[in-house]
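Enquirer: Quick one, fold the following:
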Amino acid sequence: MKTDYSKLERAFNPRCVVVVGDKAESGYMWLHGQSDFKGKLYSVQVDPKEIEGIRALGVENYTSLLDVPEQVDLAIVAVPRAVAPRILEDCIGKDVAAAHFFTSGFAETDTEEGINLQRILTERASQADFHFIGPNCMGIYSPAMGIRQTMMQRTGFTGTVGFISQSGTHAIAFSEEAYQQGLDINKSVSFGNGIVLDSTDYLEYFGRDDGIKAVGMYLEGVRDGRRFLDVLKKVASRKPVIIWKGGRTEEGGRAIASHTGSLSVPMAVWDAAIKQCGAVGVMGLQELVDALKAIQYMSPVYGNRVGITGGSGGQSVAIADVFAEAGLRVPTLTQESYDELDTFFSLIGGGYRNPIDTGNVNRREMKRIMEILERDENIDNLVLLTSVNPRMVGQIDQLIAMLTETRVRTPKPMAVIFAAFGAENAEMAREVAQKLRDGGIPTFPSLERGARAMKNALDYHFLQRNNGS
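Expert: Next up, the predicted model:
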């Protein structure tokens with residue numbers, strides 16, 4: 001099947017959406033999930049007992065998709081698997097741009113009925129060049145359009161990140177983690193079994209989308225390895241692509257087969273292949289979010305030497321260990337830097353070898369300390385440790401201004417690591433993260449995450465240089 005990207009554009013930016021088969025038993029999860037959608041929302045349901053509840057939601061219901069009085073851009077299908085082929089026929093007959101089949105119970109069950117039904121759907125959709133998303137997936141999340149995979153996802157904004165996931169759970173978790181960390185999604189898709197449209201199709205589509213500046217992926221397997229790598233190389237030459245591969249172990253490979261029916265790939269082969277294409281591999285959800293932040297918002301990371309300040313007490317040993325274990329260096333400073341620090345730095349409760357432990361007394365000199373690190377010839381990257389809580393509002397604003405000024409002045413990449421004490425400070429932490437992000441300074445919630453993100457950014461820029469991008 002030849003992918004029509006204009007149809008995918010309609011599906012991700014729809015004007016008319018139809019939910020097929022939603023039920024009270026599920027809390028009308030798909031109709032509620034699209035409650036922020038600004039276009040036309042319709043329902044298709046034949047059960048009279050369900051129709052009354054749908055109408056109570058203020059949604060117009062039809063007993064056939066063919067009766068919907070408008071051109072349909074996206075159908076969300078949540079019917080029993082035996083009914084799925086009939087709904088597919090209606091989608092084809094209605095000339096729906098694309099349909100997301102939440103329905104599961106196909107080849108991933110390893111049953112004869114499930115395998116046969118999946119084959120029927122695959123053959124018919126391919127024959128009709130129909131853009132089939134799924135089955136066994138959570139479909140599209142387009143926050144600017146109000147299209148959601150779950151009613152808990154936030155809408156009313158747009159960002160720079162595209163996310164492609166075989167897992168619906170990971171797609172939803174990514175959207176929440178990204179939001180909390182000040183990383184905004186442009187478009188996201190969970191594609192499940194991927195029987196017609198596979199990860200490669202979405203990657204190529206996101207690669208063409210100028211609003212998407214970086215792509216994250218969670219993959220369990222790919223259907224056409226050669227095509228995937230060809231597309232990956234093209235997209236990764238234009239924008240960062242970060243991939244979290246599931247099934248890295250024998251046990252994980254077995255779990256993949258029962259999740260989406262994909263075949264696992266030996267990790268050594270996979271890692272070598274994506275590196276040759278210029279993509280970066282990560283080991284988990286948080287590392288994926290952090291790598292996307294670091295690569296998008298930091299200045300290009302070309303060196304591994306890090307100057308760190310802002311900690312206190314016994315943190316210095318732990319800080320040095322964490323960055324070294326991530327594959328970075330925390331070197332001594334030049335003698336010129338030590339001579340300048342010696343003119344004002346109080347050693348009571350602090351120390352300034354690197355990391356520079358400020359203690360409480362030296363925090364008032366943070367601007368001067370950052371300037372020294374900025375000038376130091378032994379340092380390639382700058383990291384500041386701080387914290388976020390309501391008592392620090394004035395200090396935080398001053399800190400943001402100082403860091404933003406430093407970022408404008410220096411080509412050295414900068415990152416901030418801070419703790420937001422308590423869940424009640426999460427929104428404040430996000431606001432601070434956004435302000436710093438907009439100034440070209442990503443933030444990370446722990447030493448480990450910050451160190452790993454900086455190393456992934458270093459790896460990315462190394463690959464881009466070696467691949468001639």
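
Enquirer: Summarise which helices and strands the helix or strand harbouring Gly93 is packed against.
Expert: Taking DSSP states H and E as the criterion, Gly93 maps to helix 84-94. Counting contacts by 3 or more Cβ pairs under 8 Å, 6 or more residues apart in numbering; DSSP states H and E, helix 84-94 is packed against strand 74-77, strand 98-101, helix 112-127. The C-beta positions use only the backbone N, C-alpha and C, and glycine is treated the same way.

Enquirer: Show me this structure divided up by domain.
Expert: 1-136, 137-297, 298-466 (automatic domain parsing).

Enquirer: quick one: terminal-to-terminal distance for the shortest one?
Expert: If I follow you right, that is domain 1-136. 20 Å (Cα to Cα, to the nearest Å).

Enquirer: how far out from the middle of the chain is it?
Expert: 25 Å (Cα atoms, centre = their mean, to the nearest Å).

Enquirer: mean confidence score for it?
Expert: The pLDDT scores in domain 1-136 average 97.

Enquirer: next one: stretch 156-174
Expert: 97.

Enquirer: could you dump that stretch to PDB, C-alpha only?
Expert: The C-alpha trace of stretch 156-174 is given here as PDB (Å, rounded to 0.1, in the frame of the first residue of the first chain):
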ATOM      1  CA  GLY A 156      -5.000  23.300  24.100                       C
ATOM      2  CA  PHE A 157      -1.300  23.600  23.300                       C
ATOM      3  CA  THR A 158       1.200  22.400  20.700                       C
ATOM      4  CA  GLY A 159       4.900  21.600  20.900                       C
ATOM      5  CA  THR A 160       7.900  20.400  18.900                       C
ATOM      6  CA  VAL A 161       7.900  16.700  19.600                       C
ATOM      7  CA  GLY A 162       6.400  13.800  17.600                       C
ATOM      8  CA  PHE A 163       6.100  10.500  19.500                       C
ATOM      9  CA  ILE A 164       5.500   7.100  17.800                       C
ATOM     10  CA  SER A 165       4.800   4.100  20.000                       C
ATOM     11  CA  GLN A 166       3.700   0.500  19.600                       C
ATOM     12  CA  SER A 167       2.500   0.600  23.200                       C
ATOM     13  CA  GLY A 168      -0.600   2.600  24.200                       C
ATOM     14  CA  THR A 169       0.500   2.600  27.800                       C
ATOM     15  CA  HIS A 170       3.900   4.000  26.900                       C
ATOM     16  CA  ALA A 171       2.300   6.600  24.600                       C
ATOM     17  CA  ILE A 172       0.100   7.900  27.400                       C
ATOM     18  CA  ALA A 173       2.900   7.700  30.000                       C
ATOM     19  CA  PHE A 174       5.200   9.600  27.600                       C
END
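
Enquirer: How many residues are close by the nearest residue to Lys49 once chain neighbours are set aside?
Expert: Nearest residue to Lys49, sequence neighbours excluded (Cβ to Cβ, 6 or more residues apart in numbering): Ala24, at 7.9 Å. Neighbour count of Ala24, defined by other Cβ atoms under 10 Å: 13.

Enquirer: again, but for the one 3 residues further on
Expert: In terms of burial, Gly27 registers 13 neighbours under the definition other Cβ under 10 Å.

Enquirer: longest helix in the protein, by residue count?
Expert: Under DSSP state H, the helix in the chain containing the largest number of residues is helix 447-466.

Enquirer: on contacts alone, who are the packing partners of that helix?
Expert: strand 280-282, helix 285-297, helix 315-325, strand 381-388, strand 414-420.

Enquirer: Could you pull up phi and psi at Glu374?
Expert: When read as degrees, to the nearest 10, the backbone of Glu374 gives phi -60, psi -40.

Enquirer: just checking, it touches Arg409?
Expert: Yes: between Glu374 and Arg409 there is a contact at 7.1 Å, judged by Cβ atoms under 8 Å.

Enquirer: thinking again about what came up before, show me the contact partners of the helix holding Gly93.
Expert: 20-21, 64-66, 68, 72, 75, 77, 79, 99, 101, 103, 117, 120-121, 124-125, 128, 130, 132, 135 (Cβ atoms under 8 Å, 6 or more residues apart in numbering).

Enquirer: Restrict it to CA atoms and write it as PDB.
Expert: This file holds the C-alpha atoms of helix 84-94, laid out as PDB (Å, rounded to 0.1, in the frame of the first residue of the first chain):
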ATOM      1  CA  ALA A  84     -14.200  -5.100  13.000                       C
ATOM      2  CA  PRO A  85     -14.200  -6.300   9.300                       C
ATOM      3  CA  ARG A  86     -17.800  -4.900   8.800                       C
ATOM      4  CA  ILE A  87     -16.800  -1.500  10.300                       C
ATOM      5  CA  LEU A  88     -13.700  -1.500   8.000                       C
ATOM      6  CA  GLU A  89     -16.000  -1.900   5.000                       C
ATOM      7  CA  ASP A  90     -18.100   1.000   6.100                       C
ATOM      8  CA  CYS A  91     -14.900   3.100   6.600                       C
ATOM      9  CA  ILE A  92     -13.900   2.300   3.100                       C
ATOM     10  CA  GLY A  93     -17.300   2.900   1.700                       C
ATOM     11  CA  LYS A  94     -17.500   6.300   3.500                       C
END
